[in-house]
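>>> Starting from these lines, generate the structure:
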Amino acid sequence: MSTDGASTNGHASKAEMDPNQNGDENKKTYHKQATGLAWETVQAHSKENDLKLYGSCFCPFVHRVWISLEHKGLDYEYVEVDVYRKPKLLLDINPRGLVPALRHGEWGCYESTVLMEYLEDLNEGRPLLPKDPKLRAHSRLWSDHINRHIIPIFYRYLQAQEAKDQAEYAKELTEQIAKLVSAADEQGPFFLAGDHMSFVDVQMAPWVIRLEKVLTPYKGWPNPEPGSRWEKWVRAIEDAEPVKNTTSTDQLYLDSYERYAENRPNTSQVREAINSGKGLP
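As a prediction, the model looks like this:
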């Protein structure tokens with residue numbers, strides 16, 4: 001039985017083709033159901049619950065909130081939605097029809113960083129922000145760096161079609177990651193001192209996963225230098241149970257991000273924003 005919502009090889013039939021395939025059924029499209037350990041986590045959180053996460057399995061912004069829920073050990077319901085067809089249950093929370101979206105009782109909200117902050121404010125489960133106000137500010141500052149400088153360049157690099165542009169964006173992405181690593185605790189293995197993930201780790205985790213599973217196969221992004229602080233951090237994130245339990249198999253990411261790697265029309269609002277030089281939607 002297929003678990004990807006399209007077909008076992010990542011393609012869709014003519015009857016179920018998505019706009020990003022541009023009428024070519026041989027083009028791979030985004031998956032509509034998680035795979036691997038992430039699928040097991042979906043099944044474990046499929047029962048009706050007052051706290052609901054509406055997400056799409058390939059989306060890194062959803063991944064952030066999902067990791068947060070798992071880290072905290074909260075009881076929640078995961079609801080997969082096809083964000084490109086914008087069901088009413090999603091539009092009722094976010095009129096723009098973007099994920100992630102969270103519903104808690106009758107109240108709903110969206111935007112991944114805002115939702116992570118909300119989960120912190122519930123004061124339930126394991127916290128991601130430290131108690132020290134200065135460390136909390138430090139965490140928010142470098143989370144902002146990820147959102148402003150690392151994520152946009154990740155997409156520019158992935159979507160770049162010319163070799164010279166790819167080289168330029170690879171250099172810029174390397175430099176922005178180096179700035180982030182320089183702000184991390186020297187010993188780690190995570191961003192702050194200690195053996196537990198914190199807010200910045202979760203903010204960065206989905207892109208750590210996608211550097212290896214998307215940028216490496218599509219653009220030749222190198223593995224972390226052995227023994228470096230960056231490698232230590234990457235391995236700690238990859239090995240964290242909340243990350244592993246919300247990460248699908250490699251094929252889901254290869255299939256779902258082919259449309260970005262080819263810079264296809266009708267891919268997403270993110271793709272359009274990057275191409276137009278605007279901020280992320």
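
>>> CA only for contacts and neighbour counts going forward, please
Fine.

>>> Which parts of this protein are strands?
51-55, 77-80, 101-104, 107-110 (DSSP state E).

>>> Ok, which of these comes nearest residue 197?
Distance to residue 197, taken as C-alpha to C-alpha, is lowest for strand 51-55 among these, at 20.8 Å.

>>> so what does that closest one touch, helix or strand wise?
Under the contact criterion of 3 or more C-alpha pairs under 8 Å, 6 or more residues apart in numbering; DSSP states H and E, strand 51-55 touches strand 77-80, strand 101-104.

>>> Can you tell me which of those is packed in deepest?
Neighbour counts (mean count of other C-alpha atoms under 10 Å) averaged over each of the helices and strands packed on strand 51-55 peak at strand 101-104, with a mean of 21.

>>> So what touches that strand?
If you take C-alpha atoms under 8 Å, 6 or more residues apart in numbering as the criterion, strand 101-104 is touched by 50-55, 90, 93-94, 108-111, 115.

>>> Residue 254 contacts residue 215, doesn't it?
No. With contact defined as C-alpha atoms under 8 Å, residue 254 does not count as touching residue 215 (9.5 Å).

>>> okay, and the common contacts of those two?
By C-alpha under 8 Å, 6+ apart, residue 254 and residue 215 have no common neighbours.

>>> Residue 71 and residue 124 touch, don't they?
No. Contact between residue 71 and residue 124 fails when scored by C-alpha under 8 Å: they sit 10.9 Å apart.

>>> if we can go back for a sec, among the contacts of strand 101-104, name the buried ones.
Neighbour counting by 16 or more other C-alpha atoms under 10 Å classes 51-55, 90, 93-94, 108-111, 115 among the contacts of strand 101-104 as buried.

>>> could these be laid out in TSV, adding pLDDT and distance to residue 231?
Below are the buried ones among the contacts of strand 101-104 laid out as TSV (pLDDT from 0 to 100; distance: C-alpha to C-alpha, whole Å):
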residue	pLDDT	distance to residue 231
51	98	35
52	98	34
53	98	31
54	98	32
55	98	29
90	96	38
93	97	38
94	97	37
108	98	38
109	98	35
110	98	32
111	98	29
115	98	28
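
>>> Now render those as JSON lines, adding distance to residue 160.
Listed next are these as JSON lines, based on distance: C-alpha to C-alpha, whole Å:
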{"residue": "51", "distance to residue 160": "39"}
{"residue": "52", "distance to residue 160": "36"}
{"residue": "53", "distance to residue 160": "32"}
{"residue": "54", "distance to residue 160": "30"}
{"residue": "55", "distance to residue 160": "27"}
{"residue": "90", "distance to residue 160": "31"}
{"residue": "93", "distance to residue 160": "33"}
{"residue": "94", "distance to residue 160": "30"}
{"residue": "108", "distance to residue 160": "36"}
{"residue": "109", "distance to residue 160": "33"}
{"residue": "110", "distance to residue 160": "29"}
{"residue": "111", "distance to residue 160": "26"}
{"residue": "115", "distance to residue 160": "31"}
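
>>> can you pull out the helices in this structure?
36-44, 60-72, 88-91, 112-121, 133-145, 151-159, 163-183, 199-210, 216-219, 229-239, 241-244, 250-261, 269-276 (DSSP state H).

>>> Name the residues of the fourth one that are buried.
Within helix 112-121, the residues scored as buried using 16+ other C-alpha under 10 Å are 112, 113, 115, 116, 119, 120.

>>> Touching that helix from outside, list them.
By C-alpha under 8 Å, 6+ apart, helix 112-121 touches 61-62, 64-65, 68-69, 100, 102, 109, 127-129, 203.

>>> hmm, 10 Å instead?
With contact meaning C-alpha atoms under 10 Å, 6 or more residues apart in numbering, helix 112-121 is reached by 53, 60-69, 72, 74, 99-102, 108-110, 125-129, 140, 143-144, 147, 199, 202-203.

>>> what does the longest one give?
The set of residues external to helix 163-183 that reach it, using C-alpha under 10 Å, 6+ apart, is 138-139, 142-143, 145-146, 149-160, 184, 190-192, 200, 204, 215, 219-222, 229-230, 233.
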